[in-house]
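Peer 1: Quick one, fold the following:
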Amino acid sequence: MIEARGRTGRKPTAAEKGGSGGRGGSRGGRGSKGSGSAKPKRYEQPPTWKSAGIRAVVAAIVVYAISTVLLHRPVTSTLILVPVVLCIYAPMIYYTDLWMYRRYRKKQAAQ
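Peer 2: Down below sits the predicted model:
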């Protein structure tokens, strides 16, 4: 028996083609409209140092775990690395988010 690939039934109607279907809604990226979510998109709000700090702490934890578990570094030398990672990552994350926010706002203004 040979099975045909793809749709083998009737053709979808215009309403079925244009609707969101059963796939879970919008397929757009971060800034897609009509996603049905009440939560604001990430770049619709300006970045904060608090959010950058939280993400930097998560990054520092990941660096610590990789350094101790995978690279088998001593815990003391890894603990010296954690504040360095925090001091570098927090401003880097904040200013990257600020750049993305400004880019998003400029794109919105152009539309």
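Peer 1: This structure: helices as residue ranges?
Peer 2: 14-18, 49-65, 75-110 (DSSP state H).
Peer 1: What mean pLDDT does the shortest one get?
Peer 2: Throughout helix 14-18, pLDDT has a mean value of 77.
Peer 1: what does stretch 67-82 give?
Peer 2: In this model, stretch 67-82 has a mean pLDDT of 90.
Peer 1: From the chain's centroid, how far away is it?
Peer 2: Relative to the chain's own centre, stretch 67-82 is displaced by 28 Å; criterion: Cα atoms, centre = their mean, to the nearest Å.
Peer 1: Just the residues contacting that stretch, thanks.
Peer 2: Surrounding stretch 67-82, the residues in contact under the criterion Cβ atoms under 8 Å, 6 or more residues apart in numbering are 60, 63-64. The C-beta positions use only the backbone N, C-alpha and C, and glycine is treated the same way.
Peer 1: and of these, the nearest to residue 107?
Peer 2: Compare each of the contacts of stretch 67-82 with residue 107 using Cβ to Cβ and the shortest gap goes to residue 60, at 32.0 Å.
Peer 1: OK, contacts around the closest one?
Peer 2: Under the criterion of Cβ under 8 Å, 6+ apart, the neighbours of residue 60 are 82, 85-86, 89.
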